[in-house]
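A.B. asks: okay, here's the prediction I keep looking at, along with the sequence it came from:
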Amino acid sequence: MENQNQDDKKQPELNRPQSKEIENKPENPNQKQAHKPNHPRAGQGGKPNPNQNRSGNKPKRKGPPKFSAKLGNQQWELDIKESITANKLAHSRALQSYNKISQHTNASIKITPLGGLGEIGGNFMVMETSTSAIIIDVGMSFPSEDMHGVDILIPDFSYIRKIQDKIDAIVITHGHEDHIGALAYFFKKFQYPIYATPLPLGMLSNKFDEHGLKKEKKFFKPVEKRKIYKIGDFEVEWMHVTHSIIDASSLAITTEAGTIIHTGDFKIDHSPIDGYPTDLHRFAHYGEKGVLCLLSDSTNSYREGITKSESTVGPTFDRIFKDATGRVIMSTFSSNVHRVYQAIQHGIKHNRKVCVIGRSMERNLDIAMELGYVNLDRRIFIDPHEVSKYNDKEVLIVTTGSQGEPMSALFRMATDEHRHVRIKPSDQIIISAKAIPGNEASVSRILNYLIKAGAKVAYQDFSEIHVSGHAAIEEQKLMLRLCKPKFFLPIHGEYNHIYKHQKTAITCGVNPKNILLMSDGDQVEVSPKSMKRIGTVKTGKTYIDNQMNKQIDDDIVNDRQNLAEAGVVMIVAQIDKQTKKLISKPIVKTYGIVPDRRDKAFSKEMEDILDQFLINTKPEMLEETKVIENAIRQVIRKHIFRQKKKYPTIVPTIFLM
């Protein structure tokens with residue numbers, strides 16, 4: 001070691017890396033450096049230095065040195081100026097890495113959202129070049145309460161029919177129903193390869209089995225994350241993100257025009273249950289290469305800060321389980337496998353057997369276990385009919401129904417309609433979900449049933465009983481800063497959500513002129529030079545009866561809505577064509593028009609209207625039954641509207657004698 005130190009000391013000083021300032025400084029501070037007239041540091045660029053006299057020596061200065069407020073001609077001052085200029089340029093280049101995208105192309109990408117904008121759910125989008133197209137997600141949405149007998153809504157596939165020959169594949173971001181729930185219905189009309197990670201394909205497998213589409217599973221194409229797949233004119237990479245479901249992905253979609261990042265649904269959870277955080281490195285990678293356009297999740301665009309980690313739910317569960325004196329019944333979204341897994345882990349910790357009730361809940365947990373996403377000993381599970389064999393404090397029930405669905409297991413338990421489980425006053429209910437917009441009334445209704453049954457209910461009064469799966473404002477900012485896109489299209493949410501996301505993007509340096517707010521059916525063309533709205537296409541919703549897996553025609557739903565809102569009047573009458581009079585009193589039945597006690601008075605009222613109508617009727621109208629029925633329908637509707645301000649359904653049955 002000693003010899004080595006000596007050798008080090010003998011090394012010439014020139015071999016050691018030093019800054020320019022150090023290299024030109026005399027080793028002895030008391031020794032003056034010899035003046036070199038031709039040295040580049042003599043003055044500026046070899047020119048005479050005004051601070052030196054003709055002999056090359058600096059004039060002697062009396063007293064302490066005086067410093068000027070203005071920058072002088074010292075070299076270090078010039079170097080600082082150069083450094084500031086260079087750093088500004090470096091910052092600018094880093095923030096505008098999209099300038100690396102080639103401008104020497106006429107290529108463009110057309111983006112058409114067919115669902116998921118102006119609404120929550122129903123996500124469905126097409127991206128296309130001049131010769132190729134891919135579909136991103138084919139999701140369902142929930143009906144409003146006035147859509148009677150409708151279980152789910154699926155997108156209108158009219159535009160797909162127009163471009164069906166250029167579509168190369170369907171690519172899936174994750175397995176939530178609002179992203180894959182309409183695929184089985186889609187496949188009954190169109191078949192294309194489906195590229196997705198294993199869990200979404202596992203969930204789709206069960207759906208295809210239910211719909212009699214087992215043979216169509218040959219179209220499934222499992223993908224690996226961080227691997228690029230060539231699909232038509234597109235190169236697609238699946239990038240891992242955290243969300244309220246396992247195995248969620250964002251997409252990096254590259255064509256000749258440039259790279260588009262589609263985030264899918266995401267949040268940035270640094271301590272997820274499975275230990276796999278959002279793959280920020282890949283977003284940064286594409287951001288440095290240059291991102292043409294970013295399409296990003298806007299669902300939580302009003303929520304300040306960051307979304308809490310899924311792992312924060314665990315301590316709340318632990319406290320509730322510890323205090324529970326009877327059964328614990330936990331309800332959440334069936335697709336939120338990590339939430340279900342956490343509940344089961346705490347059930348095991350507190351020596352409880354686990355009963356999973358609800359077809360979708362059982363199915364999704366089975367798939368996650370089979371694919372190895374969660375590891376649970378099957379001996380901890382019991383069947384619903386075995387629940388009564390155990391002490392209440394030894395039972396955890398995990399079930400569906402967090403949205404108050406009338407056919408769900410929790411709803412049937414609350415209304416004493418479930419075959420094996422009824423709510424007891426000693427039960428501790430955990431509803432670990434928030435109401436989807438539009439479901440507030442349903443959730444309120446089931447809460448009322450549970451509380452009336454005497455159970456303790458943990459819902460929104462526990463702040464960490466549920467955490468969102470969507471990015472809040474600071475996470476949205478991070479995504480924008482990582483990708484540094486030239487153009488920005490906020491997606492997923494109602495118009496006010498994407499509007500707020502636009503404002504966030506502007507604070508992160510996106511040019512307001514490079515942002516468009518889309519609605520379903522808008523077609524946006526993106527190229528390296530511009531982004532513009534070029535037209536619209538037909539969109540809409542198809543009504544589905546999920547019990548029968550069949551479509552409900554629009555006119556049926558419209559009739560149901562009208563019956564519910566305005567009621568119905570049915571009239572059966574016999575008319576003498578010769579005399580233009582009623583042969584006998586008409587039979588009048590009403591529903592939703594007048595109370596039962598006024599039925600007779602209303603029947604007499606209808607009889608008088610018919611008598612007056614027949615007096616003024618032309619004889620030729622009595623030759624056709626349909627003609628006279630239509631005329632009577634109009635007369636009665638107008639009469640009821642004048643009285644009730646309603647347009648009920650009128651059903652006349654006329655016999656011409």
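C.D. replies: Looks like it came in fine. None of these values were measured; they are calculated from a predicted model. Residues are numbered from 1 along each chain as shown.
A.B. asks: low pLDDT regions in the protein?
C.D. replies: Confidence mapping of the chain against pLDDT under 70 gives the ranges 1-73, 461-463.
A.B. asks: how many other residues sit next to Ile430?
C.D. replies: Counted with other C-beta atoms under 10 Å, the neighbours of Ile430 add up to 26. Any C-beta I mention is one placed from the backbone N, CA and C, and that applies to glycine too.
A.B. asks: wait, Glu82
C.D. replies: Glu82 has 10 nearby residues by other C-beta under 10 Å.
A.B. asks: quick one, phi psi at it?
C.D. replies: phi -60, psi -40 (degrees, to the nearest 10).
A.B. asks: gap between it and Ala472?
C.D. replies: For Glu82, the distance to Ala472 equals 41 Å [C-beta to C-beta, to the nearest Å].
A.B. asks: swap in Glu370?
C.D. replies: To Ala472, Glu370 is 34 Å away according to C-beta to C-beta.
A.B. asks: of the two, which one has the most company?
C.D. replies: Ala472 (20 against 11).
A.B. asks: you'd agree the more buried one is up against Asn300?
C.D. replies: Yes - the pair Ala472 / Asn300 is scored as a contact, 5.0 Å apart, by C-beta atoms under 8 Å.
A.B. asks: who touches both of these two?
C.D. replies: Counting by C-beta atoms under 8 Å, 6 or more residues apart in numbering, the contacts common to Ala472 and Asn300 are Lys267, Thr307.
A.B. asks: buried residues in whichever strand or helix holds Ile575?
C.D. replies: Following DSSP states H and E, one finds Ile575 within strand 568-576. Residues Val568, Val569, Ile571, Ala573, Gln574, Ile575 are the ones in strand 568-576 that count as buried (16 or more other C-beta atoms under 10 Å).
A.B. asks: next one: stretch 118-136
C.D. replies: Across stretch 118-136, burial judged by 16+ other C-beta under 10 Å covers 118-129, 132-136.
A.B. asks: for the buried residues of strand 568-576, give me TSV that also has distance to Asp318.
C.D. replies: Output for the buried residues of strand 568-576, formatted as TSV (distance: C-beta to C-beta, whole Å):
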residue	distance to Asp318
Val568	55
Val569	60
Ile571	66
Ala573	71
Gln574	75
Ile575	77
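A.B. asks: quick one, strands of the stretch 501-650 of the chain?
C.D. replies: Taking DSSP state E, counting those that start in this stretch as the criterion, the stretch 501-650 of the chain carries its strands at 522-526, 531-536, 541-545, 550-552, 568-576, 581-582, 587-591, 649-656.
A.B. asks: I'd say Pro648 and Ala564 touch.
C.D. replies: No - between Pro648 and Ala564 there is no contact under C-beta under 8 Å: 11.0 Å.
A.B. asks: can you count the residues close to Asn558?
C.D. replies: Asn558 has 12 nearby residues by other C-beta under 10 Å.
A.B. asks: tell me the SS of Tyr195?
C.D. replies: Classification of Tyr195 using DSSP: H, G, I helix; E, B strand; the rest coil returns strand.
A.B. asks: my read: it touches Leu201, true?
C.D. replies: No - in this structure, Tyr195 is not within contact of Leu201 by C-beta under 8 Å, at 9.2 Å.
A.B. asks: returning to that earlier point: let me have the strands of the stretch 501-650 of the chain in JSON lines, extended by distance to His501.
C.D. replies: Rendered in JSON lines, the data for the strands of the stretch 501-650 of the chain read as follows (distance: least, C-beta to C-beta, whole Å):
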{"stretch": "strand 522-526", "distance to His501": "16"}
{"stretch": "strand 531-536", "distance to His501": "16"}
{"stretch": "strand 541-545", "distance to His501": "24"}
{"stretch": "strand 550-552", "distance to His501": "34"}
{"stretch": "strand 568-576", "distance to His501": "46"}
{"stretch": "strand 581-582", "distance to His501": "65"}
{"stretch": "strand 587-591", "distance to His501": "47"}
{"stretch": "strand 649-656", "distance to His501": "43"}
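A.B. asks: Glu620 is nearest to which of these?
C.D. replies: Glu620 lies closest, by C-beta to C-beta, to one member of these: strand 649-656, at 12.3 Å.
A.B. asks: what separates that closest one from the chain centre, distance-wise?
C.D. replies: 49 Å (C-alpha atoms, centre = their mean, to the nearest Å).
A.B. asks: pull out the buried positions in that strand.
C.D. replies: Buried-residue list, strand 649-656, by 16+ other C-beta under 10 Å: Thr649, Ile650, Pro652, Ile654.
A.B. asks: state the helix or strand in which Leu294 lies.
C.D. replies: Residue-wise, Leu294 maps onto strand 293-297 under DSSP H and E.
A.B. asks: could I have that strand exported to CSV, CA atoms only?
C.D. replies: Output of strand 293-297 as CSV, limited to C-alpha atoms (Å, rounded to 0.1, in the frame of the first residue of the first chain):
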residue,chain,number,x,y,z
CYS,A,293,-49.5,12.3,-28.5
LEU,A,294,-50.6,11.3,-25.0
LEU,A,295,-54.1,9.9,-24.3
SER,A,296,-54.5,9.9,-20.5
ASP,A,297,-57.1,8.8,-17.9
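A.B. asks: roughly how far does Ile628 sit from Leu610?
C.D. replies: 10 Å.
A.B. asks: for Leu376, that is, sorry about that
C.D. replies: Using C-beta to C-beta, Leu376 is found at 71 Å from Leu610.
A.B. asks: and those two? which has more neighbours close in?
C.D. replies: Taking neighbours as other C-beta under 10 Å, Leu376 and Leu610 compare with Leu610 leading, 23 against 16.
A.B. asks: pretty sure that one is touching Glu629, no?
C.D. replies: No - taking contacts as C-beta under 8 Å, Leu610 lies outside contact range of Glu629: 11.9 Å.
A.B. asks: so Arg445 sits in a strand?
C.D. replies: No - the assignment for Arg445 (three-state DSSP) gives helix, which keeps it out of a strand.
A.B. asks: can you count the residues close to it?
C.D. replies: 15.
A.B. asks: what residues are up against it?
C.D. replies: Applying C-beta under 8 Å, 6+ apart to Arg445 gives the contacts Gly404.
A.B. asks: ranges for the helices of the stretch 251-400 of the chain?
C.D. replies: Secondary structure of the stretch 251-400 of the chain (DSSP state H, counting those that start in this stretch): helices at 280-289, 313-323, 337-349, 359-370.
A.B. asks: so of these, which one's packed in deepest?
C.D. replies: helix 337-349 (a mean of 22; mean count of other C-beta atoms under 10 Å).
A.B. asks: contacts for that helix, please.
C.D. replies: 244-246, 272-274, 310, 313-314, 317-318, 321, 328, 330, 332-334, 353-354, 356, 361, 364-365, 368, 373-374, 376, 380, 396, 398, 430, 432.
A.B. asks: for Pro277, give me its contacts.
C.D. replies: Thr242, Ile268, Asp269, His270, Ser271.
A.B. asks: mind listing which of these are in strands?
C.D. replies: Among the contacts of Pro277, the subset assigned to strands under DSSP state E is empty.
A.B. asks: where exactly do the helices run in the stretch 551-657 of the chain?
C.D. replies: 554-566, 599-615, 625-644.
A.B. asks: surely Val651 is in contact with Ile571?
C.D. replies: Yes - under the criterion of C-beta under 8 Å, Val651 makes contact with Ile571 at 7.2 Å.
A.B. asks: so what's Arg419 closest to, chain neighbours aside?
C.D. replies: Excluding its sequence neighbours, the residue lying closest to Arg419 (C-beta to C-beta, 6 or more residues apart in numbering) is Pro384, at 7.3 Å.
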